[in-house]
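Peer 1: With the sequence up front, the predicted model follows.
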Amino acid sequence: MPASHRSRYRPETRLVHAGQLRSEFGETSETLFLTQGFVYDSAEECAARFKGEEPGFVYARFSNPTVAMFEQRMAAFEGAEAARATASGMAAVTAALMGQVRAGDHVVAARALFGSCRWVIEELLPRFGVSSTLVDGLDLEQWRSAVRPNTKTLFLESPTNPTLEIIDIAAVAQIAHEAGATLVVDNVFATPLWQSPLALGADCVVYSATKHIDGQGRCLGGIILGSQEFIDKHVHMLLRQTGPSMSPFNAWVLLKGLETLHLRVRRQTDTAAAVSVALVEHPKVTRLIYPGRPDHPQASVAGRQMRGGSTLVAFEIRGDRAATFRFLNALELVAITNNLGDAKSLITHPATTTHQRLKPEERAELGISDSLLRFSAGVEHPDDVVEDLLAALEAV
Ligand SMILES: Cc1ncc(COP(=O)(O)O)c(C=O)c1O
């Protein structure tokens, strides 16, 4: 699909067609270009390609046709001018942040972050002279007062991991821009189907493509999206020279994942909503958080910035860690894991997995108790999933 035709089609159509580069054989499916390098008709052509004087591929660390198809398809769906794929979601987060900062700069981030993102901000950036401040992402006053003259970028996830709080992206983008800084949003939990941070004012969006984009538990991947200027200025050289590149094979798997993303995410969202209805008043459940519900604490912000609910539900079991583990161990269909966004329904105990590195008081500050669970809906029949959860609650 040529770039000029992107806006002619609706988002779901772009997920199936955008970015495809057909070879001379006219294949239906996207081609897996499993090649590291490229050859040239002449030394002059090779020299011109290296100088960037003519378009084309040079070396798979910089770009590859299958990876380029994935980047183009994601950019077309997200409404971004440019995109760069990476080997994992963490490579995308790290490059999007590191590419913007120099020693002496400052970063502000919401405290409720995926554990590895928090490590990059709290532990890695300071090693290179970049300081950081963590704030309560829901409190706009905290964002405003944390920003300093040397603040280069603000970073957040929404919904947050694992308590599914909704941070006001447009308001934080405004604070960033008034301070001459940028806003980077990790949109993994929302998925590109339900939330478009660039349209809300963010400068850059990052994904772990490992989650809903693959959605079938096969491979890791990440992607950074933004304006051409953002990608050229902050991302391009860092990726090209340091090499956290996506493998063409993974790009091919992810391209096929994109074709069905909207079908899977809609089904997962419906199942998550059904789970929230079944559990919200259950006597063995003390708290339930679901962004699609009117009783969600930030329901009005969710309504403004999200087009759908969520594929995830967070809830607390009545009782201690032992009771919570009894529930987990009694599940027969829903699998215990630390992942999310898969075709299979999954459940995570954040206190002992994704957030185990945090001190107990830090977990308490984030609302991560020993009885909190994060459920990720799969694409199974919703009734089977609900019945499995209800049966396991009997074991509590
Ligand atoms: C919100 C969020 N951001 C980033 C990542 C990192 O992605 P990856 O595992 O692909 O490196 C994850 C999960 O692992 C995540 O949940």
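Peer 2: Ah, there it is. Numbering: from 1, shown residues only.
Peer 1: what about the closest residue to the ligand within the stretch 1-150 of the chain, how many residues close to it?
Peer 2: Proximity of the stretch 1-150 of the chain to the ligand (Cβ to the nearest ligand atom) peaks at G89, 2.4 Å away. No exception for glycine: its C-beta is placed from N, CA and C like everyone else's. By other Cβ atoms under 10 Å, 24 other residues sit near G89.
Peer 1: Could you tell me the backbone phi and psi angles at it?
Peer 2: Main-chain dihedrals, G89, degrees, to the nearest 10: phi -60, psi -40.
Peer 1: hang on, it packs against D214?
Peer 2: No. Using Cβ atoms under 8 Å, G89 is not in contact with D214; the gap is 10.7 Å.
Peer 1: joint contacts of those two?
Peer 2: Overlap of the contact sets of G89 and D214 (by Cβ atoms under 8 Å, 6 or more residues apart in numbering) consists of G221.
Peer 1: follow-up on the earlier one: from A391, how far out is the residue of the stretch 1-150 of the chain closest to the ligand?
Peer 2: 33 Å (Cβ to Cβ, to the nearest Å).
Peer 1: what do you get for N250?
Peer 2: N250 sits 37 Å away from A391, taking Cβ to Cβ as the criterion.
Peer 1: what's the answer for G180, then?
Peer 2: 55 Å.
Peer 1: Also D384?
Peer 2: Distance of D384 to A391, computed by Cβ to Cβ: 11 Å.
Peer 1: One more: P11?
Peer 2: P11 sits 38 Å away from A391, going by Cβ to Cβ.
Peer 1: for E122, same thing?
Peer 2: Taking Cβ to Cβ, one finds E122 at 40 Å from A391.
Peer 1: Repeat that for T153.
Peer 2: For T153, the distance to A391 - Cβ to Cβ - is 46 Å.
Peer 1: Over to Q356?
Peer 2: Separation of Q356 from A391 (Cβ to Cβ) stands at 28 Å.
Peer 1: that older thread, ok, T153 and A391, which is more surrounded?
Peer 2: More crowded of T153 and A391, by other Cβ under 10 Å: T153, with 23 against 13.
Peer 1: Show me what the helix or strand encompassing the more buried one pairs with in its sheet, parallel or antiparallel.
Peer 2: According to DSSP states H and E, T153 maps onto strand 151-157. Applying DSSP bridges, strand 151-157 is found paired with strand 106-110 (parallel), strand 182-186 (parallel).
Peer 1: Wondering if it reaches the ligand at all.
Peer 2: Yes. Contact between strand 151-157 and the ligand, assessed by Cβ under 6 Å from any ligand atom, occurs at E157.
Peer 1: Just confirm H355 contacts S369, I think it does.
Peer 2: No. Under the criterion of Cβ under 8 Å, H355 makes no contact with S369, lying 10.9 Å away.
Peer 1: joint contacts of these two?
Peer 2: R363.
Peer 1: Those two: who's more crowded?
Peer 2: Ranked by neighbour count (other Cβ under 10 Å), H355 and S369 place H355 first, with 23 against 17.
Peer 1: contacting residues around that one?
Peer 2: G115, P162, R363, L366, I368.
Peer 1: what pLDDT, on average, does stretch 119-131 get?
Peer 2: Over the span of stretch 119-131, the pLDDT mean works out to 97.
Peer 1: buried ones in it?
Peer 2: By 16 or more other Cβ atoms under 10 Å, the buried positions in stretch 119-131 come out as V120, I121, L125, V130, S131.
Peer 1: Now intersect those residues with the strands, please.
Peer 2: S131 (DSSP state E).
Peer 1: where does the protein dip in pLDDT?
Peer 2: For the chain, the stretches with pLDDT under 70 are 1-7.
Peer 1: Nearest residue to the middle of it?
Peer 2: For the chain, the residue sitting closest to the mean C-alpha position, by Cα atoms, centre = their mean, is V188 at 2.1 Å.
Peer 1: Is it correct that that one is in contact with L156?
Peer 2: No. Counting by Cβ under 8 Å, V188 sits too far from L156 to count as a contact (11.7 Å).
Peer 1: excluding its backbone neighbours, what's nearest whichever residue of the stretch 101-250 of the chain sits closest to the ligand?
Peer 2: Residue nearest to the ligand within the stretch 101-250 of the chain (Cβ to the nearest ligand atom): S208, separated by 2.9 Å. Distances taken as Cβ to Cβ, 6 or more residues apart in numbering place G89 nearest to S208, at 2.3 Å, with adjacent residues excluded.
Peer 1: Now do the next helix or strand after the strand holding T153 against strand 182-186, angle only.
Peer 2: Per DSSP H and E, the first helix or strand lying C-terminal to strand 151-157 is helix 169-178. For helix 169-178 against strand 182-186, the angle by axes from the mean of the first three to the mean of the last three Cα atoms, to 10 degrees is 150 degrees.
Peer 1: Check which helices and strands helix 169-178 is in contact with.
Peer 2: helix 140-146, strand 151-157, strand 182-186, helix 299-305 (3 or more Cβ pairs under 8 Å, 6 or more residues apart in numbering; DSSP states H and E).
Peer 1: Could you dump those into TSV and include distance to L225?
Peer 2: Below are the helices and strands packed on helix 169-178 laid out as TSV (distance: least, Cβ to Cβ, whole Å):
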stretch	distance to L225
helix 140-146	22
strand 151-157	15
strand 182-186	10
helix 299-305	17
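Peer 1: I'd guessed L393 sits against T286; true?
Peer 2: No. Using Cβ under 8 Å, L393 is not in contact with T286, being 11.9 Å away.
Peer 1: who's more crowded, the two?
Peer 2: L393 (20 against 14).
Peer 1: on that earlier part again, shared neighbours of L393 and T286, which are they?
Peer 2: With contacts taken as Cβ under 8 Å, 6+ apart, L393 and T286 have I317 as neighbours in common.
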